[in-house]
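Participant: Fold the following.
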Amino acid sequence: MDSFERVLAASRVRNVLLGPRRAEGPGHVVDHMLAVQAQEPAFSRWSVGQRMNRPDEASVIESVDSAEIVRVHILRPTWHYVRGDDLRWVQALTGPRVLRSSAGWYRSHDVDDAFLGTGRAVVESSLAGGNAKTRHELRDDVAAAGLDVSGQRMAALMFDLELKAVVCSGPFRNRQHTYALVDERLPPQAALDPAEATGRLVQRYLRGHSPSTLKDLRWWSGLTIADLRRAVEDLADLVTTETVGGVEYVWMTDVPPAEAVDDAGTFELLQVFDELFVGYSETRRLLDPDGEFGAVLPIGFTKMMHVVVEGDRLVGRWRADRRQRVLKLTFDLNRPLSSSGQASLEDAARCYGAFVGAEETGIDFTASTR
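Facilitator: Numbers count the residues shown, from 1 in each chain. Predicted structure coming up:
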């Protein structure tokens, strides 16, 4: 691997707020990243928390409860955390494209405009007045109105309402996700011109994810290469492009790639859908140059579903098993650790255990025999 590619990898780790650079709170994390994938609720809270100076799950929950950040289907789309201030303009920019690409899914479940229109009216009435309800409760309300909510029809309805910025997450209820009305939960905002919105998205993504490529950004945002390239050209000197190893990378000019300090022996426990792992399509190999870890989704359906980063390299996988207040973490690493390396990884494990409120965190290296 080219030595400058190591510089790119180290810079990426810093820009995603891992390593020594951390944020003050959940809102600052999500603001810096623009969006943080939140497919698995508990693990996605850790993705936000571990980027904070003082990881604290309660503060992440409080940020969702207050709508400083909201959890919603957006971008590719999948679940993400975004700041409440960013929800409307990002959905206006990317949501219509997602809805057009979802037409076949809608048709396969007989989801038509009549169903979506009537379902929307029921959901809006049910949530009006500051009510927050779970999907199960809303499903009952929609069924009571005489609509068929079998199969994927209810999922499609809520998906449609999220992408149209009608609903977003409400406050947690016993750590359960709820829905609330966007217009009641978030203040109104002026619409952005599409070109302005695209330029804003490119800059925000690069602040929190670069060095990266336009193909990475296309995967992350769902926008076209043509639109993204036009935005980069309009940003002119604000962004820099450079070809490294036959790949054209892009970054913000005022935050150029820089050599990292020696961070060997510094470990991060990432959930498999963390932005550092899932936020790229073309250049994930920067942290996995040998392709050992492969694609995200196949790993996500195995028992050892999460990944370990040491400095600027993926070095292993991990899983968490919990019984009441006792947490057990199992590691499978691609090399033996020194005693100091093992102590550092144990510190990372205890940090995660404290974040999730475990009274005891056990660590198993028996899988790490390679």
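Participant: Report the mean per-residue pLDDT for the helix or strand hosting Glu196.
Facilitator: Per DSSP states H and E: Glu196 is located in helix 194-209. Averaging pLDDT along helix 194-209 gives 97.
Participant: what does the next helix or strand after it contact?
Facilitator: Next helix or strand after helix 194-209 toward the C-terminus (DSSP H and E): helix 214-221. Contacts of helix 214-221 with the rest of the structure, by CB atoms under 8 Å, 6 or more residues apart in numbering, involve 75-76, 94, 201-202, 205, 209, 223-225, 228-229, 232, 248, 250, 279-283. The way it works is simple: take the backbone N, C-alpha and C, and place the C-beta from them, glycine included.
Participant: which ones among those are found in strands?
Facilitator: Members of those lying in strands (criterion: DSSP state E): Glu248, Val250.
Participant: got any ranges where the stretch 201-350 of the chain has weak pLDDT?
Facilitator: The stretch 201-350 of the chain contains residues with pLDDT under 70 at 260-264, 297-298, 300.
Participant: cool, and the stretch 1-150 of the chain?
Facilitator: 1.
Participant: Now do the strands for it: every range, in order, please.
Facilitator: With strands called from DSSP state E, counting those that start in this stretch, the stretch 1-150 of the chain shows them at 35-37, 69-74, 78-83.
Participant: Could you check how far the nearest residue to Met154 once chain neighbours are set aside is from Met158?
Facilitator: Leaving aside its sequence neighbours, Met154 sits nearest to Arg139 (CB to CB, 6 or more residues apart in numbering; 4.9 Å). For Arg139, the distance to Met158 equals 9 Å [CB to CB, to the nearest Å].
Participant: same check, this time on Gln91
Facilitator: Distance of Gln91 to Met158, computed by CB to CB: 14 Å.
Participant: out of those two, which sits in the more crowded spot?
Facilitator: Gln91 (24 against 19; other CB atoms under 10 Å).
Participant: Gly95 versus the residue nearest to the more buried one when sequence neighbours are not counted, what's the distance?
Facilitator: Of all residues not flanking Gln91 in the chain, Ala165 sits nearest, at 4.4 Å (CB to CB, 6+ apart). According to CB to CB, Ala165 stands 7 Å off from Gly95.
Participant: any residues in contact with both of these two?
Facilitator: In contact with both Ala165 and Gly95: no residue, using CB under 8 Å, 6+ apart.
Participant: related to what we said a few turns ago, just the buried members of the contacts of helix 214-221?
Facilitator: 75-76, 94, 201-202, 205, 209, 223, 228-229, 232, 250, 279-283 (16 or more other CB atoms under 10 Å).
Participant: quick one: the helices in the stretch 1-150 of the chain?
Facilitator: Under the criterion DSSP state H, counting those that start in this stretch, the stretch 1-150 of the chain carries helices at the ranges 3-15, 26-33, 41-49, 57-65, 84-101, 103-108, 113-127, 135-144.
Participant: repeat for the stretch 201-350 of the chain
Facilitator: 214-221, 225-235, 275-278, 296-300, 339-355.
Participant: Other residues contacting the third one?
Facilitator: It stands for helix 275-278. Against helix 275-278 from outside (CB under 8 Å, 6+ apart): 12-13, 16, 18, 33, 36-37, 47, 208-209, 270, 272, 284, 287, 296, 307, 309, 314.
Participant: returning to what we had before: so which of the strands of the stretch 1-150 of the chain gets nearest Ile363?
Facilitator: Of all the strands of the stretch 1-150 of the chain, the one in closest proximity to Ile363, counting by CB to CB, is strand 35-37 (26.4 Å).
Participant: How far does that closest one sit from its chain's centre?
Facilitator: Chain-centre distance of strand 35-37: 3 Å, with CA atoms, centre = their mean, to the nearest Å.
Participant: Tell me the strands beside that strand, with direction?
Facilitator: strand 78-83 (antiparallel) (DSSP bridges).
Participant: Show the backbone phi and psi for the closest residue to Gln37 other than its chain neighbours.
Facilitator: Counting by CB to CB, 6+ apart, Gln37 lies nearest to Phe273, which is 4.8 Å off, once chain neighbours are set aside. Dihedral angles of Phe273 (phi, psi; degrees, to the nearest 10) stand at phi -100, psi 20.
Participant: Just list the residues touching Phe273, thanks.
Facilitator: Listed by CB under 8 Å, 6+ apart, the contact set of Phe273 reads Gln37, Gln39, Glu40, Phe43, Ser44, Ser47, Val296, Gly300.
Participant: Tell me if I'm right that the third one and Gln271 touch.
Facilitator: Yes. Applying CB atoms under 8 Å, one finds Glu40 in contact with Gln271, separated by 6.5 Å.
Participant: Kindly export the longest strand seen in the chain (C-alpha atoms) in PDB.
Facilitator: Assignment by DSSP E gives strand 313-323 as the longest strand of the chain. Output of strand 313-323 as PDB, limited to C-alpha atoms (Å, rounded to 0.1, in the frame of the first residue of the first chain):
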ATOM      1  CA  ARG A 313      -6.400  -0.500  10.300                       C
ATOM      2  CA  LEU A 314      -9.200  -3.100  10.700                       C
ATOM      3  CA  VAL A 315      -7.600  -5.800  12.800                       C
ATOM      4  CA  GLY A 316     -10.500  -8.000  14.100                       C
ATOM      5  CA  ARG A 317     -14.100  -8.600  14.900                       C
ATOM      6  CA  TRP A 318     -16.100  -8.700  18.100                       C
ATOM      7  CA  ARG A 319     -19.400  -9.600  19.500                       C
ATOM      8  CA  ALA A 320     -21.400  -8.600  22.700                       C
ATOM      9  CA  ASP A 321     -23.400 -11.000  24.800                       C
ATOM     10  CA  ARG A 322     -25.400  -9.600  27.700                       C
ATOM     11  CA  ARG A 323     -27.200 -11.300  30.500                       C
END
